[in-house]
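Asks: when you get a sec, could you give me coordinates for this:
(chains A, B and C)
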Amino acid sequence: MKYYTALLLLALGSLDTQGAEPYRITLTSTTKNLHLEHWSLSGSEITPDSPNWSITKQTLHGGKQEGVDLITVDNGLMTFSIIPTRGMGILRAGTEEVSLGWDSPVKEVVHPQFIRLEDRGGLGWLEGFNEWMVRCGLESNGHPGTDRFINNVGEEATMDLTLHGKIANIPASEVEVIIDRQAPYRIRIRGRVDERMFYGPKLELMTEISTTPESASLRIQDTITNRGDDPQEFQILYHANYGPPLLEQGARFLAPVSQVLPFNDHAAAAIDTYAQYAGPTVGFTEQVYCITPLAGRDGRTLIGLVNRAGNKGVSMRYATSQLPYLTLWKNTPSLGEGYVTGLEPGTNFPNNRRIERKLGRVPTLAAGEQHHASLEITILSNHHEVRGLEEEVSALQRQQPPVLIRKPEAKD
Amino acid sequence: MKYYTALLLLALGSLDTQGAEPYRITLTSTTKNLHLEHWSLSGSEITPDSPNWSITKQTLHGGKQEGVDLITVDNGLMTFSIIPTRGMGILRAGTEEVSLGWDSPVKEVVHPQFIRLEDRGGLGWLEGFNEWMVRCGLESNGHPGTDRFINNVGEEATMDLTLHGKIANIPASEVEVIIDRQAPYRIRIRGRVDERMFYGPKLELMTEISTTPESASLRIQDTITNRGDDPQEFQILYHANYGPPLLEQGARFLAPVSQVLPFNDHAAAAIDTYAQYAGPTVGFTEQVYCITPLAGRDGRTLIGLVNRAGNKGVSMRYATSQLPYLTLWKNTPSLGEGYVTGLEPGTNFPNNRRIERKLGRVPTLAAGEQHHASLEITILSNHHEVRGLEEEVSALQRQQPPVLIRKPEAKD
Amino acid sequence: MKYYTALLLLALGSLDTQGAEPYRITLTSTTKNLHLEHWSLSGSEITPDSPNWSITKQTLHGGKQEGVDLITVDNGLMTFSIIPTRGMGILRAGTEEVSLGWDSPVKEVVHPQFIRLEDRGGLGWLEGFNEWMVRCGLESNGHPGTDRFINNVGEEATMDLTLHGKIANIPASEVEVIIDRQAPYRIRIRGRVDERMFYGPKLELMTEISTTPESASLRIQDTITNRGDDPQEFQILYHANYGPPLLEQGARFLAPVSQVLPFNDHAAAAIDTYAQYAGPTVGFTEQVYCITPLAGRDGRTLIGLVNRAGNKGVSMRYATSQLPYLTLWKNTPSLGEGYVTGLEPGTNFPNNRRIERKLGRVPTLAAGEQHHASLEITILSNHHEVRGLEEEVSALQRQQPPVLIRKPEAKD
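Replies: Numbers count the residues shown, from 1 in each chain, chains lettered A, B, ... in the order given. Sure thing, here's the model as predicted:
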């Protein structure tokens, strides 16, 4: 775990509010027994020099979204919506020109009370899946299937892991808004999500999702802590999903890669075009690539997705020490079935935890130990910005040519 | 599917509001982010010439019914209560003389948050089962058990289907009240219930449950649409349940039947009295009959239940092209265990979908295709009306004598 | 069942309100369609001669406790909090000196909507487990595992029982506060919790949790009724959990015992110290002892837990005819993993019901039959009171020496 702890002090430092006391308000709190149904704030109230931002919290109604909280941040240029009720996932983000997210067949922001993870052979998670950015974890993520655990009488027992774990269907226990009163007036939404049980994990997610006024970037800074006294395995994967306008026939995936490994034979057959996208294709079956990205001297990699014209895109920048494995999920069936690609940095690939453990990709946190991950996501709105991404990826790639493995790993 | 689409234009026509702009109000809407806790309307406000009706929406409290919506329509003669939170099922209907429904051991109107369909070997649906009219479907209905499906990696996988599917435990996304301003001043409650998931069905139920002032009839007009781009199997069964006063020792089931097939050996043993009812009988085990009803020249059949004295009853009229299979469920144990009979028109019999598919009774909807079903339910309050039902059933039966099959179908 | 019915009249008698009409208020009612979000009452309003008590009802917010009801009774000396939303369990009780309860890794009072009992091989109950006193039952309790039942077609089928059953995750349907207007001004919180389903149990729990002003005792009086017409198995176990300050290295369990049986080989190895406690011990695995306690001439036994210094403790007094089997659960890992011991009187030991039935420890209620259980729990705050408990236990033990069985029962 040493590669995780190295960034601890840096990360804590970056949480500083840089001087004068920031504006703070608690929106949800189990400690304060508080849950605001509606609330809003505008920049003019807090940062008169930078008045063009706002934050709105609403509670959704109707169907399966009855009672879901949604916090929408408009930084003046970019808007994004956080779902405290669904583990602080991010429903959508975007500027007027480029929207991040996708058009899932799931139309509502589904309250966890309606999700049965066990459903459909462990695929129940898919009944709520429509976020731009959804975390998979924390005890486990990846494909459903049987894994072992130690039960209450100290014996090895089996449990059926469900797709992508629980964290996306756990409501946040604490939600806070913090605004720096000094330039660049960073706007921070913090949330704590607990994945705790007796005779089980005591994992805590602390997230800060932040931006600055008029910026085309947002930052996700997560800390996962083992609050138990025993060592605890964990897994985290950032499932960032993109449909049109970025995804289209001729769109391209960009990343400096050390190695590309197909998830299964079906993906293997198409590995030569793994970085290119088809248009909506009736009957398309997902292709998944397990990628090891290259980092620069600062330890960070840069990946992205750009449209065919090369004038719109998104980049995601993060440290490979924090998230060493990158899954590329290509799912380009017809629009009504969910035309989408996932760029998914994680601590692991999305095999069942049983397999990932065997292959050495399930980290463990000691008592009190923390895992940090920080992602900077930036919207690219013109040829110039897209070219900047391309050039930086190319520069990183110069370290070595990409290695394409043509056969899936041996798993079970 | 051609027998379903024939009635499309007719059905759409009957949804017309016949001239002047009708009164409309939205009670629940995911689109408008709206959910009214309490609301009511009386006929005198909208149709002064026909003032003796009212509609009330309330939210239920306490126990497992906390947060459940209930819309009660009183048309001046008949009252019925719709449960938007439970897939637009109908809790009860009735006049002062005849009530439709039953006295289930489940006393509360259970919120789906408390239902675990997987429970008890897939019988969890029974923890909420107490409606007069509950839909079973849409992806599947019938007995629990393993069936196959195509999973996310395009492979055939297995899933455990649960009893009678999900639709009765999905809250409506849109609920609207519409009142015609011209005679006969039809009162319409419309709801949309979505059974959607990623890598799964994208089925939509649009229902209109309507009546006219002072009428002893209500009409259910449903449209199921495949909102996905791929073909999708579906199943729908209208589980209409009757206890006292209609059900009693000597009560009779009436239907023009082409064929009666016992569901199992236990039912086969009692097939000669399949249309007659015993009084509450300690230790009674359900008897289920799979019936193919006969339709008249208008394509519609008429079935019903009448009490021993022949002065109270109910009739259900519908097109056999829409709902070709009729299940008769006889369950006459002691009152406290749930003394009830189900008259259940459907697209299939209630075997597990795996069996129904093998026997050719699982229809498929193409992308965008719709299935319509319309049922007219009428309360009969005197000998004359009961006799009318008997005569109409007899007339339909004249086409052929009923065929009683004495052995269950070969299934697995 | 005759040993249960003997106390019926006594129990009903003790529910009397002794003369003048008591104060009554309904806080939750499915019948009245009522659910108060906030409410409070102080002694000065009702019993001016004894003004130093109060009752507060609040609704909890944030995380998994959103919407949970909590009723806190402060009798002037002792405080306790009842959770109607979690089957009328008791979160905590205590005086300024001695608190009853424990510090579970589960920090929130989890709403049943977030509990999936089937999770983790049937251990999902543990995601909400943090009460001082939680009932296990009613259809079953004990370890998860497969058992048989009779399904809707009258056939023997199998179901996966989940740990400790459903009752702790069913919200109360009726909650009432009743205050006697005459000394000793008993303060009563009554609740009804229904564990009902069609083709399944129709079990009703009526509980009264009561105390008197300035008292260090509270009383739990439960009646379980089979509201079905068919005989119904049931199980009830009162899982009373204690951490610090009572539980510590050197704390002692006190009970007059006829026999102590280890639950498994692991417990057998430590049976000689079954009544003594270790301090928090990293890696400790639970030890469970199945105890048959001795009762006095009044039919009641007295058990307890006392701290090392012998100046703090708790006693639990109840009739062994009502709760013949006592489980002692010793779970003393490090504090962060849940350092706790359970003193658990019940109708059975916590094996899976399949095993308990085979060993003759699953009672059945005839139609309408009731099972009563009454527990008096008292906080001991000084050497004198602890010595009183010790002496009474010793006196009861004089009937016979305890028999320690050194091998677990043969089970499967």
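
Asks: so the residue in the stretch 301-412 of chain A that chain C sits nearest to versus chain B, what's the distance?
Replies: Closest contact between the stretch 301-412 of chain A and chain C, by C-beta to the nearest C-beta, is at A:A367 (7.1 Å). The way it works is simple: take the backbone N, C-alpha and C, and place the C-beta from them, glycine included. Using C-beta to the nearest C-beta, to the nearest Å, one obtains 34 Å as the distance from A:A367 to chain B.

Asks: what sits against that residue?
Replies: With contact taken as C-beta atoms under 8 Å, 6 or more residues apart in numbering or on different chains, A:A367 is in contact with A:N226, A:G228, A:D229, A:D230, A:P231, C:G336.

Asks: as a markdown table, the residues you listed with pLDDT would be great.
Replies: Below are those laid out as a markdown table (pLDDT from 0 to 100):
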| residue | pLDDT |
| --- | --- |
| A:N226 | 98 |
| A:G228 | 97 |
| A:D229 | 96 |
| A:D230 | 95 |
| A:P231 | 96 |
| C:G336 | 95 |
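
Asks: where do the strands of the stretch 251-400 of chain A begin and end?
Replies: In the stretch 251-400 of chain A, the strands defined using DSSP state E, counting those that start in this stretch lie at A:252-254, A:257-262, A:287-293, A:300-306, A:313-319, A:325-331, A:340-346, A:364-365, A:370-380.

Asks: repeat for the stretch 51-200 of chain A
Replies: Using DSSP E, counting those that start in this stretch, strands in the stretch 51-200 of chain A cover A:54-59, A:69-74, A:79-83, A:89-94, A:99-100, A:133-138, A:145-150, A:156-161, A:174-179, A:187-196.

Asks: highest mean neighbour count out of those?
Replies: When you average the neighbours per residue for each of those (mean count of other C-beta atoms under 10 Å in any protein chain shown), strand A:133-138 leads with a mean of 27.

Asks: that strand near chain C at all?
Replies: No - Strand A:133-138 is not in contact with chain C by C-beta under 8 Å from any C-beta of the partner chain; minimum separation 13.7 Å.

Asks: still on that earlier bit, the contacts of A:A367, buried ones only, as a ChimeraX selection?
Replies: The command below creates a ChimeraX selection of those among the contacts of A:A367 that count as buried (16 or more other C-beta atoms under 10 Å in any protein chain shown):
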select /A:226,228,229,230 /C:336
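
Asks: closest to chain B out of the contacts of A:A367?
Replies: Taking C-beta to the nearest C-beta as the measure, A:G228 is the one of the contacts of A:A367 closest to chain B, at 27.5 Å.

Asks: near chain B, which residues of chain A? Just list them.
Replies: Close to chain B, as judged by C-beta under 8 Å from any C-beta, chain A has residues A:58, A:60-66, A:104-108, A:113-114, A:116, A:118-121, A:123, A:126-127, A:129-130, A:264, A:266, A:282-283, A:285-286, A:333-338.

Asks: give me the residues contacting stretch A:45-60.
Replies: Residues from elsewhere that reach stretch A:45-60, judged by C-beta under 8 Å, 6+ apart: A:23, A:27, A:36-44, A:66-76, A:108-109, A:177, A:179, A:181, A:183, A:185, A:187, A:189, A:213-214, B:30, B:33.

Asks: same question for stretch A:398-408.
Replies: The contact list for stretch A:398-408, computed with C-beta under 8 Å, 6+ apart, reads A:256-265, A:267-268, A:271-272, A:274, A:294.

Asks: buried residues in that stretch, which are they?
Replies: In stretch A:398-408, the ones that count as buried by 16+ other C-beta under 10 Å are A:P402, A:P408.

Asks: what is the mean pLDDT for stretch A:22-40?
Replies: The pLDDT scores in stretch A:22-40 average 97.

Asks: equivalent analysis for stretch A:348-360, please.
Replies: On average, the pLDDT along stretch A:348-360 is 98.
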